[in-house]
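Student: predicted structure and sequence below. I'll ask about it afterward.
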Amino acid sequence: MTDDYPWEPPLAGTEAEQLLGALDRLRTTFRYKADGLGADGLTARLGVSTLTLGGLLKHLAAVEDYYSTTKLRGAPIGEPWESLGWTGDNDWEFASAAGDSPETLYALWDGAVDRARERMAAALAGGDLGRPVHAATGDGTHASLRRLLCDLLEEYGRHTGHADLLREAVDGRTGEDPPAGWRARSGSYRFP
């Protein structure tokens, strides 16, 4: 990590630092791909796909809160989702995003990331990556915090690739990582 690239994971760190660093790098790359767009850019689609950057923002915001509440601790997803009518069905997030303003979508994602970071830090303070979380299989075998973080990394890896294609179609923005010194123009996203 440097001042110009604060999203870079440590070159050598603990397992938790590496996993959280890789997750924050993907979060930042995703946010860079979705940043600074108005309603037209956030609702743009490719071909027959219904996937949009706005839908991805709302979906990943819900994923952040769901993983860091329900899967981590067994708690309800809570606000703002309950007031928004969240159904637990991923189609709702993607479909309903078209009716949300860009400001709402950026605020949902930025807020969810902040909450998830705090909850994951508290979970790590209470034990190591091998500690069991609430999520379990039908036979009662609980996942570890390590598995939960790996699943979140996988979710971001898949959707950051989608965001890359969508953003390039909107205005030609390409690149694996944000440029040196990048800061979000919309919303309140901050680096860890």
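Tutor: Here it is on my side, so go on.
Student: the strands in this structure, which residues?
Tutor: Counting by DSSP state E, the segments of the chain that form strands are 132-136, 142-144.
Student: would you turn these into JSON lines with mean neighbour count, distance to residue 74 and mean pLDDT?
Tutor: C-beta here means a position set from N, CA and C on the backbone, and glycine is covered the same way. Supplementary listing: the strands of the chain in JSON lines, determined by neighbours: other CB atoms under 10 Å; distance: least, CB to CB, whole Å; pLDDT from 0 to 100:
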{"stretch": "strand 132-136", "mean neighbour count": "16", "distance to residue 74": "4", "mean pLDDT": "95"}
{"stretch": "strand 142-144", "mean neighbour count": "15", "distance to residue 74": "10", "mean pLDDT": "97"}
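Student: any idea how far residue 156 is from residue 171?
Tutor: 22 Å (CB to CB, to the nearest Å).
Student: and these two? Which one has more around it.
Tutor: Higher neighbour count among residue 156 and residue 171: residue 156, with 22 against 11, using other CB atoms under 10 Å.
Student: in contact with that one, which residues?
Tutor: 23, 26, 27, 30, 60 (CB atoms under 8 Å, 6 or more residues apart in numbering).
Student: what's the weakest-modelled helix or strand in this protein?
Tutor: helix 90-96 (a mean of 90; mean pLDDT, DSSP states H and E).
Student: give me the helices and strands touching that helix, please.
Tutor: Helix 90-96 sits against helix 53-66, with contacts defined as 3 or more CB pairs under 8 Å, 6 or more residues apart in numbering; DSSP states H and E.
Student: the helix it packs on: how far from the chain's middle?
Tutor: Offset of helix 53-66 from its chain centre (CA atoms, centre = their mean, to the nearest Å): 6 Å.
Student: can you verify my assumption that residue 97 contacts residue 58?
Tutor: Yes. In this structure residue 97 lies within contact range of residue 58 using CB atoms under 8 Å: 4.2 Å.
Student: show me the common contact partners of these two, please.
Tutor: residue 105.
Student: between those two, which one's more packed in?
Tutor: residue 58 (28 against 22).
Student: which ones are touching the residue sitting nearest the centre point of the chain?
Tutor: In the chain, the residue lying closest to the centroid (CA atoms, centre = their mean) is residue 60, at 4.4 Å. Neighbour list for residue 60: 30, 109, 112, 155, 156, 159 [criterion: CB under 8 Å, 6+ apart].
Student: this completes my enquiry, with thanks.
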